[in-house]
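*Asks:* fold the following for me, if possible:
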Amino acid sequence: MSAASEGPVSASEAAALFADLSKTRVLILGVSGGPDSTALLWLAARWRARRKHGPTLIAVTVDHGLRPESAREARAVKRLTQKLGVAHRTLRWSGKKPASGIQQAAREARYRLLADAARKAGARHILTAHTLDDQAETVLFRLARGSGIAGLRGMRAVAPLAPSPSPERGGHRRPSAAVNQNADAKHRLRRSAGEGSGFVPLTPTRRASFADLPLAGGGGELLLIRPLLSIPKSRLLTTLAAAKIPFADDPSNRDPRFTRPRLRELMPGLAAEGLDARRLSSFARRMARADQAIERAVDDAQARLWVSAAGSIVFGPGFAELPPEILLRLLGRAVAQVGNEGPVELGKLEALSAAMAQEGRSARFRRTLAGALVTLAGEITVERAPPRRSGVKQRKGAFTKPR
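*Replies:* Numbering: from 1, shown residues only. Sure thing, here's the model as predicted:
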């Protein structure tokens with residue numbers, strides 16, 4: 001590996017990283033004060049300062065209020081933005097914090113607040129500082145949780161963003177980078193049965209790079225941009241050291257109570273066996289290619305077999321000839337669209353498909369999943385499940401047999 005590939009990120013490299021964003025009006029930068037986001041701020045500010053025209057940069061720091069140091073770190077970010085000539089906002093996560101799942105809740109709150117800041121500023125683009133190392137950890141994280149191909153493609157450089165609704169307002173929690181269901185109809189986004197983490201991601205077939213999205217206008221959806229996804233964290237640290245830019249250290253990033261820090265501890269040993277961050281990221285890109293090809297096949301199957309009428313979806317007899325992965329994803333799309341509990345786990349879809357294959361050969365098959373009723377009687381029908389009996393509780397996404 002060349003010295004240049006391990007040195008500071010140069011001005012020309014930064015220009016290439018942000019080039020597709022040059023015609024946007026406003027960019028929101030998520031800056032916590034840690035090394036990665038501080039490097040994002042420094043690189044974006046330097047890039048913008050060298051341009052005669054370009055977007056307004058607004059750095060947003062979310063103070064989760066989980067550590068005594070967080071307010072001080074937010075003030076440090078503000079001082080740095082003043083030196084760099086970048087506008088700054090500090091937003092606070094208020095309200096009662098959950099007793100468990102605190103990192104996931106904090107992540108959802110962060111995206112929700114960033115989205116609010118973007119809308120108030122008239123921005124459509126939110127930049128975060130996810131790195132090559134973060135991508136590698138994400139692949140390991142999802143692999144450990146049983147994700148399918150769509151999950152193992154890792155994070156995307158560009159993704160539509162619809163933050164989870166505030167818990168105070170009710171509603172189902174949604175993954176913070178999932179696509180709004182209303183946008184699904186507008187953009188014909190594909191639901192891939194790929195995540196093993198409690199949802200089926202809504203995945204556009206061809207959205208893999210900045211150039212694939214209308215970044216400079218049109219449409220109303222917010223876009224999450226990860227310009228540093230191909231840059232190792234070590235290079236960002238070198239960049240900050242060369243520029244003499246200070247940053248904060250969050251001890252929770254090393255707290256073994258959380259999964260990602262434990263995975264982080266495994267990385268040196270995996271790298272010694274050849275499974276380093278670059279190789280894991282290459283694996284994610286290959287999964288993305290495979291997922292794109294499979295989604296195209298699902299699109300074709302949907303066009304041939306899927307008939308929607310009166311709130312139900314019917315698959316014609318040709319479904320039996322589909323490869324299992326195509327049928328599984330097609331079924332996942334139908335359940336997510338017709339049901340009322342949101343997307344469903346890959347494992348539950350697999351259990352439903354296996355039961356259909358086993359029991360559907362000899363008798364009429366009926367099951368409910370995620371608020372949808374699936375019937376197999378010569379053809380597959382997916383419709384809204386009848387309301388549950390009063391007083392009967394059912395775990396979200398559960399797979400049940402109607403009585």
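*Asks:* can you pull out the helices in the stretch 51-200 of the chain?
*Replies:* Counting by DSSP state H, counting those that start in this stretch, the stretch 51-200 of the chain has these helices, from start to end: 70-84, 102-121, 132-144, 149-152, 181-187.
*Asks:* ok now stretch 54-70, how far from the chain's centre?
*Replies:* 20 Å (C-alpha atoms, centre = their mean, to the nearest Å).
*Asks:* for it, which positions count as buried?
*Replies:* Across stretch 54-70, burial judged by 16 or more other C-beta atoms under 10 Å covers 54-55, 57-64, 70. Where you see a C-beta, it was placed from the backbone N, CA and C, and this is true even at glycine.
*Asks:* stretch 243-257 now?
*Replies:* Those would be 245, 247-248, 250, for stretch 243-257 by 16+ other C-beta under 10 Å.
*Asks:* now it - C-alpha only, CSV.
*Replies:* Provided in CSV are the C-alpha atoms of stretch 243-257 (Å, rounded to 0.1, in the frame of the first residue of the first chain):
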residue,chain,number,x,y,z
ALA,A,243,-4.1,20.1,10.3
LYS,A,244,-3.7,20.2,14.1
ILE,A,245,-7.4,19.9,14.6
PRO,A,246,-8.5,18.6,18.0
PHE,A,247,-11.4,16.2,18.5
ALA,A,248,-13.4,14.6,21.3
ASP,A,249,-13.1,11.0,22.5
ASP,A,250,-16.3,9.2,23.3
PRO,A,251,-15.6,6.3,25.7
SER,A,252,-18.8,4.5,24.7
ASN,A,253,-17.1,3.6,21.5
ARG,A,254,-14.9,1.2,23.6
ASP,A,255,-17.7,0.1,26.0
PRO,A,256,-17.9,-3.8,25.8
ARG,A,257,-21.5,-3.7,26.8
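*Asks:* average pLDDT for that stretch?
*Replies:* What stretch 243-257 shows for mean pLDDT is 85.
*Asks:* tell me the contacts of Ala297?
*Replies:* 323, 326 (C-beta atoms under 8 Å, 6 or more residues apart in numbering).
*Asks:* could you give the angle of the top strand by length along the chain to helix 70-84?
*Replies:* When the chain is scanned for its longest strand (criterion: DSSP state E), the result is strand 56-63. When axes from the mean of the first three to the mean of the last three C-alpha atoms, to 10 degrees is applied, the directions of strand 56-63 and helix 70-84 differ by 170 degrees.
*Asks:* got a list of contacts for strand 56-63?
*Replies:* Under the criterion C-beta under 8 Å, 6+ apart, residues 25-33, 41, 44-45, 48, 70-71, 73-74, 77-78, 81, 86-93, 109-110, 113-114, 117, 121, 123 lie in contact with strand 56-63.
*Asks:* thinking again about what came up before, want to throw the buried residues of stretch 243-257 into a markdown table with secondary structure and distance to Lys97?
*Replies:* Listed next are the buried residues of stretch 243-257 as a markdown table, based on DSSP: H, G, I helix; E, B strand; the rest coil; distance: C-beta to C-beta, whole Å:
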| residue | secondary structure | distance to Lys97 |
| --- | --- | --- |
| Ile245 | coil | 31 |
| Phe247 | coil | 25 |
| Ala248 | coil | 20 |
| Asp250 | coil | 16 |
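*Asks:* surely Trp50 is in contact with Ser12?
*Replies:* No Trp there; residue 50 is Arg. No. Applying C-beta atoms under 8 Å as the test, Arg50 and Ser12 come out as separate, 10.3 Å apart.
*Asks:* which of these two has more residues huddled nearby?
*Replies:* With neighbours defined as other C-beta atoms under 10 Å, Arg50 and Ser12 compare such that Arg50 has more, 11 against 8.
*Asks:* related to what we said a few turns ago, highest mean neighbour count out of the helices of the stretch 51-200 of the chain?
*Replies:* Neighbour counts (mean count of other C-beta atoms under 10 Å) averaged over each of the helices of the stretch 51-200 of the chain peak at helix 149-152, with a mean of 25.
*Asks:* how far does that helix sit from the chain's center?
*Replies:* 11 Å.
*Asks:* what of stretch 27-44?
*Replies:* On C-alpha atoms, centre = their mean, the centre of stretch 27-44 falls 19 Å from the chain's centre.
*Asks:* and the end-to-end length of it?
*Replies:* For stretch 27-44, the separation between the terminal residues is 10 Å (C-alpha to C-alpha, to the nearest Å).
*Asks:* re the thing from before, out of the helices of the stretch 51-200 of the chain, which comes closest to Ala288?
*Replies:* Of all these, it is helix 149-152 that lies closest to Ala288, at 8.9 Å by C-beta to C-beta.
*Asks:* and the closest one, what does it pack onto?
*Replies:* Where contact means 3 or more C-beta pairs under 8 Å, 6 or more residues apart in numbering; DSSP states H and E, helix 149-152 is packed against helix 132-144, helix 277-305.
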